[in-house]
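**Q** What shape does this take:
(chains A and B)
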Amino acid sequence: MLARRVRPAAAMALAGILLLTACTSIPADAAGTSDRVRGGELRAGVTHNPPWTDTSTAEPTGSEVALVESLARGLDARVEWVEGSEAVLADALHEGELDIAVGGFTDDTPWTEQAAVTAVYREVRNDRGVTEKHVMLTRSGENRFLVTIEDHLRENGADR
Amino acid sequence: MSRPTLADTLPERQARALARAVRIEWATIAFLAAAITAVGLTVGNSQAMRAAWIEDLLSLAPPIAFLVAVRVIAMPATRRYPYGFFRSVGVAHLVAGVALFTMGAILIVESVTALILAERPPIGSVELFGQTVWLGWIMMAVMALTIPLPIYFGRVKMKLARELHNKVLYADADMNKADWMTAVGTIVGVGGIGLGLWWMDAAAATFIAGSILWDGVKNTRAAITDLMDTTATTFDDAHHHPDADAVHDYLSSLPWVAEVRTRTRDQGQFFHVEAFVLPVRGRAPSLRKLADAQEGCRRLDWKLHDVVVVPVAEFPANAMARSTDPES
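**A** Take a look at the predicted model:
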């Protein structure tokens, strides 16, 4: 009788411990992006779209470029910038050649098949009175990295 | 008296079961409406989650079909519809079956494509009370909430389906089973994404789609065979129905009857039985005896709503003798 009563309790406790330890590692990346980037290299794609991104100078500048730089600092990583059109960047994300892409993308971006779209981190009204909801793109399936980016954007994305 | 209802034609026990079935179908619809809303709000990029949502939508068909059918079936026969409206149950059953089948097929194609193209579902996070929460946890929680009620609904409906001999109710009980299994599959799929196993989501979705497709095949086949006047079977189509044998036994016991053959078809809720009798020494029975025999058959079971006893000199080719094995 006692054994019967103890066993479910023990099983639940075990499940609880497993869940708690799992919480820290879930979600995981399908291809291990977070582990590779930390202390290493963040391969970032950029397309010219001021004021978010500006590639007219030798080194890219702009608010989203700054956000990627600060994300990399938090991960103890160097940023390796690659410039290209939206389509080229989206393809590179799909092929796993990039970890993140910025260029003033909004949440109605057509690249959802090729890349993962972050949560909206900032809303602005443009000249035509339309609200733009700004997002970044990352490699699909790298959910831990996606949540890391979203976390960083929630903390730092609202201000310029 | 107002419009006749199905309950008026049933014995008290079955009428109570019917009232309970109607209540539980309304409860099912209320539950599904809540579940569809909750799952719809969290559906995100998981294939399995999408499959589960579509299945929830489709699960609305059998309860609605049942509630419509119990109203339509009770309408009295007219000149235009001399056999009454019993077939409404079969039509409802067919519609539900084809809907299931189509959706299962579409979902299988989608999830197998996702597997082949190695699409990796992204699931991000939301901010909840100042905390970043992975959406996968919320999806799994919502799915877990949709498990207990369908298990309960399914069990009750299975019991009532047997009591009422109602195949739409049976199909619906099946659907509830598919529902909670889908929820379990989705939790596995989203959990897999959480562990970085991108393929587990599409694999779970394929499995779910397979079960929907199978439900569709089973229900469509059962509905078509009933509409094609296959001989009456038990509510789960597993066995020959014992009522036909009861008619054989009763008629054979009458002194003026030498031999009996029957044709029985299932009209959804009730049976339509044609009993052909070979009178003793080929002497035609009186109309009185025929009427009594017909009434006696009807009293055997409430399902034997429409029985005609026909004295014949020779049996029609495919009329059936009493089954030898009561379970076959």
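**Q** burial count for the nearest residue to A:Leu89 once chain neighbours are set aside?
**A** With CB to CB, 6 or more residues apart in numbering or on different chains as the criterion, A:Leu89 has its nearest non-adjacent residue at 3.8 Å, and that residue is A:Gly45. Any C-beta I mention is one placed from the backbone N, CA and C, and that applies to glycine too. The burial count assigned to A:Gly45 is 28, neighbours taken as other CB atoms under 10 Å in any protein chain shown.
**Q** got it, and the one 10 residues further on?
**A** For A:Thr55, the count of nearby residues is 19 (other CB under 10 Å).
**Q** repeat for B:Ser125
**A** 24.
**Q** beta partners for it?
**A** Listed by DSSP bridges, the beta-bridge partners for B:Ser125 are B:Trp134.
**Q** From B:Ile138, how far off is it?
**A** 10 Å (CB to CB, to the nearest Å).
**Q** circling back to that earlier point, the helix or strand the residue nearest to A:Leu89 falls within packs against which elements?
**A** Per DSSP states H and E: A:Gly45 is located in strand A:41-46. The contact analysis (3 or more CB pairs under 8 Å, 6 or more residues apart in numbering or on different chains; DSSP states H and E) places strand A:41-46 against helix A:63-74, strand A:78-83, helix A:86-94, strand A:100-102.
**Q** How about the residue of chain A found nearest chain B: what's its closest non-neighbour residue?
**A** Going by CB to the nearest CB, chain B is nearest to A:Gly141 of chain A, at 2.5 Å. Using CB to CB, 6+ apart and skipping residues adjacent in sequence, the residue nearest A:Gly141 is B:Arg120, 2.5 Å away.
**Q** ditto for B:Val89
**A** The shortest distance from B:Val89 to any non-neighbouring residue, by CB to CB, 6+ apart, is to B:Gly268 (2.8 Å).
**Q** With B:Glu127 instead?
**A** Using CB to CB, 6+ apart, the closest residue to B:Glu127 is A:Arg154 (6.0 Å).
**Q** Confirm for me that that neighbour is in contact with B:Val133.
**A** No: using CB atoms under 8 Å, A:Arg154 is not in contact with B:Val133, being 11.6 Å away.
**Q** So which of these two has more stuff around it?
**A** A:Arg154 (17 against 13).
**Q** Can you classify that one by secondary structure?
**A** Under DSSP: H, G, I helix; E, B strand; the rest coil, the three-state class of A:Arg154 is helix.
**Q** Which of the helices or strands spans the closest residue to B:Val280 other than its chain neighbours?
**A** Spatial nearest neighbour of B:Val280, excluding adjacent residues (CB to CB, 6+ apart): B:Ala258 at 4.8 Å. Taking DSSP H and E as the criterion, B:Ala258 maps to strand B:257-266.
**Q** Which elements pack onto that strand?
**A** Helices and strands touching strand B:257-266, by 3+ CB pairs under 8 Å, 6+ apart, are helix B:242-253, strand B:271-279.
**Q** mind listing what A:Asp107 touches?
**A** A:Val117, A:Val120, A:Lys133, A:His134, A:Val135 (CB atoms under 8 Å, 6 or more residues apart in numbering or on different chains).
**Q** Just among those, which is most surrounded?
**A** A:Val135 (25 neighbours).
**Q** Model confidence score at that one, please.
**A** If you check A:Val135, the pLDDT there is 93.
**Q** Backbone dihedrals for it, both of them.
**A** Backbone torsions for A:Val135, taken as degrees, to the nearest 10, come to phi -140, psi 170.
**Q** pretty sure it is in contact with A:Ala115, am I right?
**A** No: counting by CB under 8 Å, A:Val135 does not reach A:Ala115; the two are 10.2 Å apart.
**Q** Residue of chain B nearest chain A, please.
**A** For chain B, CB to the nearest CB, closest residue to chain A: B:Arg120, 2.5 Å.
**Q** That residue: neighbour count?
**A** Neighbourhood size, B:Arg120 [other CB under 10 Å]: 24.
**Q** Ok, B:Pro255 next?
**A** 6.
**Q** ok, it - contacts?
**A** Here B:Pro255 is in contact with B:Val280 (CB under 8 Å, 6+ apart).
**Q** Under the pLDDT cut-off, which ranges of the chain? List them.
**A** If you meant another chain, say so; for now it's chain A. Scanning chain A for pLDDT under 70 picks out the ranges A:1-24, A:158-160.
**Q** Hmm, no, I was thinking of chain B.
**A** B:1-8, B:44-45, B:324-328.
**Q** ok, back up a step: how is the residue nearest to A:Gly141 assigned, secondary-structure-wise?
**A** With three-state DSSP as the basis, B:Arg120 sits in coil.
**Q** which residue packs closest to A:Arg38, ignoring adjacent ones?
**A** In space, and not counting its chain neighbours, A:Arg38 is closest to A:Leu75: 5.1 Å by CB to CB, 6+ apart.
**Q** Spatially central, which residue of chain B would that be?
**A** The C-alpha lying nearest the average C-alpha coordinate of chain B belongs to B:Ala171 (CA atoms, centre = their mean; 2.3 Å).
**Q** Distance-wise, check that residue relative to B:Pro148.
**A** 21 Å.
**Q** One more: B:Gln131?
**A** Distance from B:Gln131 to B:Pro148, by CB to CB: 27 Å.
**Q** So which of these two has more stuff around it?
**A** Counted by other CB under 10 Å, B:Gln131 and B:Pro148 do not tie: B:Pro148 has more neighbours, with 11 against 8.
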